[in-house]
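**Q** Structure for this input, please:
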Amino acid sequence: MSTPSSHPSFWRRVPLAFGAFFSTLSDAAYAARVEKLSLPEAAPVTPVAPAPAPVPTPAAAPVILKEATPDAALQLLALLQREARLIDFTQENLGSHADADIGAAARVVHEGCAKVMREYFTIEAVRQEAEGSRIVLQEGFDSAQVRLTGNVVGSAPFTGTLSHRGWRASSVRLPKLSEQHDAAILAPAEVEL
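**A** Take a look at the predicted model:
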């Protein structure tokens, strides 16, 4: 018998409930097991031969995916076009241009992109160690922040060389948009009179 302290908290039960709900709808065998759990208890029956107790498989908590709205991405793309002419640069066929011309254009794109990054984002390194330094990743390291590459064998702790410090946005300051703004227009057409 479980004690009250071993019961899952309310917030732990919420994803379990959703997982059980959707599993019940999509998996007939799972629904049958749930139905048996919810039936009123009958008088105990003594089996002739004790049957091994089935090992319950815990329902996996559902992965909740956030739906990204395109407006912020389109807004960022419009800012990169306005300040760096990024869309113009990527839409241009560079095969007919000299390397020196491409390099000069890349410098303008780079400076404009850097301006957008500085103005609308605060970017910081995920790891503070210098690239090339040896680091140790203990068990339980955050795999969203650190990606293992190379010959990954066994389990933590892992010792390796930091090849890239990683980046995270610690703040975002995109301008607010009016409801009438069409974010899909990345750059208006220009007509010179």
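**Q** Tell me where the protein is predicted with low confidence.
**A** 1-6, 8-27, 30-31, 34, 37-51 (pLDDT under 70).
**Q** again, only using 50
**A** Applying pLDDT under 50 to the chain picks out residues 1-4.
**Q** could you pull out the helices for it?
**A** Ranges of helices within the chain are 10-26, 28-38, 70-84, 86-91, 99-120, based on DSSP state H.
**Q** Check which residues of the fourth one are buried.
**A** Okay, so that is helix 86-91. L86, F89 (16 or more other Cβ atoms under 10 Å). (Each C-beta comes from the backbone N, C-alpha and C, glycine too.)
**Q** give the contact list for the closest residue to M117 other than its chain neighbours.
**A** Nearest residue to M117 in three dimensions, chain neighbours excluded: I123, at 6.3 Å (Cβ to Cβ, 6 or more residues apart in numbering). Contacts for I123 (Cβ atoms under 8 Å, 6 or more residues apart in numbering) come out as M117, W167, R168, A169, S170.
**Q** From A32, how far off is the first one?
**A** The one in question is M117. 55 Å (Cβ to Cβ, to the nearest Å).
**Q** Looking at the two, which is more packed in?
**A** Using other Cβ atoms under 10 Å, the more surrounded residue of M117 and A32 is M117, with 16 against 10.
**Q** how near is that one to K66?
**A** Distance from M117 to K66, by Cβ to Cβ: 23 Å.
**Q** count of residues packed around L80?
**A** Neighbour count for L80, taken as other Cβ under 10 Å: 21.
**Q** Report the contact partners of it.
**A** So L80 contacts L86, I87, G112, C113, V116 (Cβ under 8 Å, 6+ apart).
**Q** Same check on P157?
**A** By Cβ under 8 Å, 6+ apart, the neighbours of P157 are V136, L137, Q138, E139.
**Q** Then A105?
**A** Contacts of A105 by Cβ under 8 Å, 6+ apart are F89, E92, H97.
**Q** Spatially nearest residue to the second one (excluding sequence neighbours)?
**A** I take that to be E92. E92 sits nearest to A105 (Cβ to Cβ, 6+ apart), 8.0 Å away.
**Q** Over to the first one?
**A** For F89, ignoring the flanking residues on the chain, the nearest one in space by Cβ to Cβ, 6+ apart is V109 at 4.9 Å.
**Q** I'd like to know how far the one you found sits from R118.
**A** V109 is 15 Å from R118, by Cβ to Cβ.
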